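Engineer: Return a 3D structure for these sequence lines:
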Amino acid sequence: MRCFVTGASGFVGANLARELVARGHFVKALLRPGSDRRGLKGVDVEEVAGDVNDRAALAAGLKGCDWCFHVAASYHLWLRDYAPMYRSNVDGTRAVIEEAHKAGCSRIVYTSTVGCIGLPHVDATGHLSPTHEETPVSEAQMSNHYKRSKWRAEVVARECAAAGAPVVIVNPSAPIGPCDVKPTPTGQVIVDFLNRALPAYMDTGLNYVHVRDVAVGHILAAERGRLGERYILGHAEGNWLMKEALAVLAELTGLPAPTWQVPYGLAWFGAWLNEGMSRVTGKAPKAPMAGVRMARYKMFFDPSKAIRELGLPQTSPRQAFSDAVDWFRANGYCRT
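Structural biologist: Prediction:
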């Protein structure tokens, strides 16, 4: 297939492009002039200059393509002005899907996030049940501008699907693995751990999944996904507390895991101070309040629909962490 990929320089996008090429597909990658291309090293793609709101570049790049993967997103938990993020995530999603539909793509896979899935609730017995694609959720539950912009973008994707565009939505959980160039917030935790720069942790939890499985999940969504449906790309055994994830890192690296659990109130106050400084300096805070608010919830999810309908692979989260550690060490992210 001839595939058009937005966000191909990002963590998921680069792994997707790599997996598509490995499977014999031809990839056209939409890249801005200043994009960091390290994640695409060694991957044979045709570059298309432009961004997600450049309809002329989109139309030219999508010409002759069979599949479109819209992976690109502006991901920021703190900005002085959030308007550009909404333009990129919401308006850009409409532009990409509409142009892909006009170009005759048979499948358009839109990359959303589990941030748009309803959060788990603790029942009266203290049990926390992972949530799934049909868990009730609304924009009112989107706790920050990033999640709100992605929610609105997913609404656009659903509207386009209802209007006839061949859209399939995927909602990755917390990808871990190689080619995390920036790195992502989850990858940064690993880098900080390796550099002994993680003195404490919060009582939170995520659904960890190998980034390669997420990439394969995108391809499976194009091959087998039902139009208009959404699929959580996660791991059935990947719902780990932060304490558990750090224990695995300790086993893999031989480094000690932090033992101090930061109280939520203290973390919130520290983030408040951090953002106050950012408003003066203009530099993004290391610990934004949006991140602390999200960490208050254990983001545990049930990917059984994707496993059942798509055949989503289930590489162990431990292997994902091991591969991430190896990649960060091999690429100069560790001081020692």
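Engineer: what ranges do the helices span in this structure?
Structural biologist: Remark: helices assigned in the chain by DSSP state H are 11-22, 55-62, 83-86, 92-102, 145-162, 185-194, 211-224, 242-253, 264-281, 289-295, 304-310, 317-330.
Engineer: and Pro120, which of these is closest to it?
Structural biologist: When the helices of the chain are compared by Cβ to Cβ, helix 289-295 sits nearest Pro120, at 13.2 Å. Using the backbone N, CA and C atoms, a C-beta is placed for each residue, glycine as well.
Engineer: surely Trp240 meets Val209?
Structural biologist: No. Using Cβ atoms under 8 Å as the test, Trp240 is too far from Val209 to be in contact (10.9 Å).
Engineer: anything in contact with each of the two?
Structural biologist: By Cβ atoms under 8 Å, 6 or more residues apart in numbering, Trp240 and Val209 have these common neighbours: Pro317.
Engineer: Can you list the buried residues in stretch 63-73?
Structural biologist: By 16 or more other Cβ atoms under 10 Å, the buried positions in stretch 63-73 come out as 65-73.
Engineer: Tell me the buried residues in stretch 312-322?
Structural biologist: Of the residues in stretch 312-322, 312-315, 317-318, 320-322 count as buried by neighbour count, 16+ other Cβ under 10 Å.
Engineer: Quote the end-to-end distance of it.
Structural biologist: End-to-end distance for stretch 312-322, by Cα to Cα, to the nearest Å: 20 Å.
Engineer: now do stretch 128-145
Structural biologist: Chord length of stretch 128-145, first to last residue, is 26 Å (Cα to Cα).
Engineer: quick one: contacts of it?
Structural biologist: Contact partners of stretch 128-145, identified using Cβ under 8 Å, 6+ apart, comprise 76-77, 79, 82, 85-86, 115-123, 148, 150-152, 171, 207, 229-232, 239, 290, 293-294, 298, 300-302, 304-305.
Engineer: again with stretch 299-308
Structural biologist: Contacts for stretch 299-308 (Cβ under 8 Å, 6+ apart): 114-115, 117, 119-120, 128-133, 170, 173-174, 204-207, 209, 217, 220, 231-236, 239, 312, 314.
Engineer: Of these, keep whichever come out buried.
Structural biologist: Burial by neighbour count, 16+ other Cβ under 10 Å: within the contacts of stretch 299-308 this picks out 114-115, 117, 119-120, 130-131, 133, 170, 173-174, 204-207, 209, 217, 220, 231-236, 239, 312, 314.
Engineer: Roughly how far does Tyr333 sit from Asp323?
Structural biologist: 14 Å (Cβ to Cβ, to the nearest Å).
Engineer: and what of Asn15?
Structural biologist: As judged by Cβ to Cβ, Asn15 and Asp323 stand 11 Å apart.
Engineer: between those two, who's got more neighbours?
Structural biologist: Each of Asn15 and Asp323 has its neighbours counted (other Cβ atoms under 10 Å); Asn15 has more, 28 against 18.
Engineer: Spit out the contact partners of the more buried one.
Structural biologist: 39, 175, 177-179, 211-212, 214-215.
Engineer: cool, His210 as well?
Structural biologist: If you count contacts by Cβ under 8 Å, 6+ apart, His210 has them with 175-177, 235, 313, 315-317, 319-320, 323.
Engineer: How much space separates it from Tyr110?
Structural biologist: On the measure of Cβ to Cβ, His210 and Tyr110 end up 21 Å apart.
Engineer: what does Asp44 give?
Structural biologist: Between Asp44 and Tyr110 the computed distance is 25 Å (Cβ to Cβ).
Engineer: Neighbour count: those two, which is higher?
Structural biologist: Tyr110 (29 against 10).
Engineer: mind listing what the closest residue to that one other than its chain neighbours touches?
Structural biologist: Leaving aside its chain neighbours, Tyr110 sits nearest to Ala157 (4.3 Å; criterion: Cβ to Cβ, 6 or more residues apart in numbering). Ala157 is in contact with 93, 97, 110, 112, 167, 169, counting by Cβ under 8 Å, 6+ apart.
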